[in-house]
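Q: Sequence isn't available, so here's the structure alone:
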């Protein structure tokens, strides 16, 4: 197993601090329109993180843009903020989609990025973008987002299968809201409170088990030696062990798993 955890840690530090790194030459940009967050990642020509930004968002649901104006506004605002810090204009970007969504939805996601004055140079599926950062040749990359669980199976560095199903972090929050009798927004905050993980995870564990069952169905009849999980919804410490109990396949998770896909999008621009 080889994962570039240092690269992820460096990018997470840039996002948290709002700082930018010195750079030379052209920059590459990745825009990740997620269900819970929008992330902009900027890397240099050597694929080293230069800057990044994230903002909570509800503009996408299950891989479908439900608020075009809000998406464009959010990307444009983040782009302008990064341009001011970097001192250069950002003109091109790559973006990503959950695997298996309809062509019209692919075009809509690209339109959102282009609406923020960024020329879309590539649209890649999310798990494949993540596999670039994970630096793996074989195995299954599972991207657990806010609305969907997507998978890409790689053999000798080539993607041989992709699929996606609508179960993700949003469903965890809905379960928490119902269990505690609180609003969805309160449930979202509770889910992200690391200090309460021991209390929260047993409540959402059935959702994680369902995600593992989705993956199990996708990989049936295929040779998969390892599972790699990424995405904000897999940040629980017991996430991997829950997958392993159902799949009986070694399951790995990088640090700063929320940023694996957006960084992979930028690298692939």
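A: Looks like it came in fine. Because the structure is predicted, anything quoted here is derived from the model rather than measured.

Q: Next one: the nearest residue to residue 149 once chain neighbours are set aside from residue 144, what distance?
A: Nearest non-adjacent residue to residue 149, counting by Cβ to Cβ, 6 or more residues apart in numbering: residue 211, 4.9 Å away. The way it works is simple: take the backbone N, C-alpha and C, and place the C-beta from them, glycine included. Remark: distance between residue 211 and residue 144 (Cβ to Cβ, to the nearest Å) = 6 Å.

Q: next one: residue 160
A: 21 Å.

Q: All the strands of the stretch 51-200 of the chain, in order from the start?
A: 60-61, 64-65, 92-97, 119-125, 139-144, 149-155, 158-165 (DSSP state E, counting those that start in this stretch).

Q: Need the residues that contact the last one.
A: Right, the one you point to is strand 158-165. With contacts defined as Cβ atoms under 8 Å, 6 or more residues apart in numbering, strand 158-165 is touched by 63, 98-101, 125, 127-128, 131, 148-154, 214, 218, 222.

Q: Swap in 7 Å and give it another go.
A: 63, 98-101, 125, 127-128, 148-154, 214, 218, 222 (Cβ atoms under 7 Å, 6 or more residues apart in numbering).

Q: how far does that strand sit from the chain's center?
A: 15 Å (Cα atoms, centre = their mean, to the nearest Å).

Q: now that strand: mean pLDDT?
A: Averaging pLDDT along strand 158-165 gives 88.

Q: cool, and the second one?
A: Per-residue pLDDT values over strand 64-65 give a mean of 78.

Q: Remind me what that strand packs against, helices and strands.
A: Under the contact criterion of 3 or more Cβ pairs under 7 Å, 6 or more residues apart in numbering; DSSP states H and E, strand 64-65 touches helix 103-115.

Q: So for residue 244, what's the nearest residue that isn't a sequence neighbour?
A: In space, residue 244 is closest to residue 251, 4.9 Å off (Cβ to Cβ, 6+ apart).

Q: Bridged to the one you found, which residues?
A: residue 227 (DSSP bridges).

Q: And for it, the neighbour number?
A: Residues lying near residue 251 (other Cβ atoms under 10 Å) number 24.

Q: residues touching it, list them.
A: Residue 251 makes contact with 227, 229, 240, 243, 244, according to Cβ under 7 Å, 6+ apart.

Q: same question for the longest helix belonging to the chain, mean pLDDT?
A: Secondary structure of the chain per DSSP state H: the longest helix is helix 197-219. What helix 197-219 shows for mean pLDDT is 96.

Q: hmm, who's touching that helix?
A: Contacts for helix 197-219 (Cβ under 7 Å, 6+ apart): 140, 142, 144, 149, 151, 153, 163, 165, 167, 171-172, 175-176, 179, 190-191, 227, 236-239, 242-243, 246-247.

Q: Swap in 6 Å and give it another go.
A: With contact meaning Cβ atoms under 6 Å, 6 or more residues apart in numbering, helix 197-219 is reached by 140, 142, 149, 151, 163, 165, 167, 171-172, 175-176, 179, 236, 238, 242-243, 246-247.

Q: which of those residues are buried?
A: The neighbour-count test (16 or more other Cβ atoms under 10 Å) marks 140, 142, 149, 151, 163, 165, 167, 171-172, 175-176, 236, 242-243, 246-247 as buried among those.

Q: Flag the shaky bits of the protein, pLDDT-wise.
A: 1-4, 62-63, 100-104 (pLDDT under 70).

Q: try 80
A: Residues of the chain meeting the criterion pLDDT under 80: 1-4, 35, 60-64, 99-106.

Q: relative to its centroid, which residue of it is most remote?
A: Note on the chain: the largest C-alpha distance from the chain mean falls to residue 181, namely 28.6 Å (Cα atoms, centre = their mean).

Q: State the phi and psi torsions of it.
A: Per-residue torsions, residue 181: phi 70, psi 40 (degrees, to the nearest 10).
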